[in-house]
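Enquirer: the sequence and its predicted three-dimensional model are supplied below.
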Amino acid sequence: MNKSIHPAPLNLRRTRRETLGAIGASAIMLGIAPESALAQGSDETVLTEALVLRDPDIPATGNAEGDITIVEYFDYQCPYCRKIEPELRQVVQDDGKIRLVLKDWPILGPVSVIAARKVLASKFQDKYVQAHEALIGVNSKLTEPRIRELLAGAGVDVDRLNRDLATNAKAIDAILARNSDQARAFGFKGTPSFIVGKFRVPGILTMAEFERVVADARKAAANK
């Protein structure tokens, strides 16, 4: 089923409350604050452009120098996230100019949190992409032993991962908290949910719909 996508004008200085009030049922432009110099702990802090699109603690995939960023809020146990992953990867590969940021939003129980924390810890051994693909590409139910098995099979040093996770637990938990705060601030109801450029796109899209939103995001960026 084709989705109707209706962009709305961007207001960079929109507050969190105004952003929530402006969100409709389909893709609209985001209200993202352009500056990161906001009061720590305020509603607007999680909505800065730097943290939404370029969180320095989350590795970017795709083209790191791409002109458009896609942000996905996902859960490793979400069947829809698993289903859409090959198409999203194909869109990024075919376009060649998309920067992809994968934001764990583990909302489907404790195992989702375990999976998210372990994959984020894998970045300290430069295995983030391999770890992500190992967990998002499986169709079976995840358990903690199964997660360890999948990560080891993807070439992740599980013993080192556990050490890195213990050492960096506070920072990893802070990433998950930021991701959750952002997703809820933008009014997302579940996974997967996306930001394409500065468009908010809740739910699943086909490859053609992703390509259309990317094109719209480029036009919006060119006309700002």
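Expert: Done, it's in. Numbers count the residues shown, from 1 in each chain.

Enquirer: list the buried residues of stretch 147-167.
Expert: Within stretch 147-167, the residues that count as buried by 16 or more other Cβ atoms under 10 Å are 147-148, 150-151, 154, 156, 161, 164-165. All C-beta spots, glycine's among them, are computed from the backbone N, C-alpha and C.

Enquirer: against M207, how distant is the nearest residue to V196 once chain neighbours are set aside?
Expert: Distances taken as Cβ to Cβ, 6 or more residues apart in numbering place V213 nearest to V196, at 4.6 Å, with adjacent residues excluded. Noted for V213: a distance of 11 Å to M207, by Cβ to Cβ, to the nearest Å.

Enquirer: helix or strand for I84, which one?
Expert: Counting by DSSP states H and E, the element that carries I84 is helix 79-95.

Enquirer: helices or strands up against that helix?
Expert: Helix 79-95 is packed against strand 60-62, strand 68-74, strand 98-104, helix 128-136, helix 207-222, with contacts defined by 3 or more Cβ pairs under 8 Å, 6 or more residues apart in numbering; DSSP states H and E.

Enquirer: distance to V119, mean neighbour count and mean pLDDT added to those, as CSV?
Expert: Below are the helices and strands packed on helix 79-95 laid out as CSV (distance: least, Cβ to Cβ, whole Å; neighbours: other Cβ atoms under 10 Å; pLDDT from 0 to 100):
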stretch, distance to V119, mean neighbour count, mean pLDDT
strand 60-62, 12, 20, 93
strand 68-74, 11, 25, 96
strand 98-104, 7, 22, 97
helix 128-136, 4, 20, 96
helix 207-222, 23, 17, 91
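
Enquirer: redo those as JSON lines? Include distance to A183.
Expert: Below are the helices and strands packed on helix 79-95 laid out as JSON lines (distance: least, Cβ to Cβ, whole Å):
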{"stretch": "strand 60-62", "distance to A183": "18"}
{"stretch": "strand 68-74", "distance to A183": "5"}
{"stretch": "strand 98-104", "distance to A183": "8"}
{"stretch": "helix 128-136", "distance to A183": "17"}
{"stretch": "helix 207-222", "distance to A183": "18"}
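
Enquirer: for the chain, give me the ranges with low pLDDT.
Expert: Residue ranges of the chain with pLDDT under 70: 1-46, 224.

Enquirer: if we use 80, what do you get?
Expert: 1-47, 49, 224 (pLDDT under 80).

Enquirer: what's the neighbour count on V138?
Expert: Residues near V138, counting by other Cβ atoms under 10 Å, number 15.

Enquirer: report the contact partners of it.
Expert: Counting by Cβ atoms under 8 Å, 6 or more residues apart in numbering, V138 makes contact with 82, 146, 150.

Enquirer: ok so the last one is a strand residue?
Expert: No: secondary structure assignment (DSSP: H, G, I helix; E, B strand; the rest coil) places L150 in helix, not in a strand.

Enquirer: how near is the residue located most distally from the centre of the chain to I175?
Expert: What lies farthest from the middle of the chain is D159; by Cα atoms, centre = their mean that is 26.6 Å. For D159, the distance to I175 equals 22 Å [Cβ to Cβ].

Enquirer: and V201, bridged to which residues?
Expert: Beta-bridge pairing of V201 under DSSP bridges involves F194.

Enquirer: do I have it right that it meets F194?
Expert: Yes: in this structure, V201 is within contact of F194 by Cβ atoms under 8 Å, at 4.3 Å.

Enquirer: check contacts around K141.
Expert: Going by Cβ under 8 Å, 6+ apart, K141 touches Q77.

Enquirer: may I have the secondary structure class of it?
Expert: Here K141 is recorded as coil under three-state DSSP.
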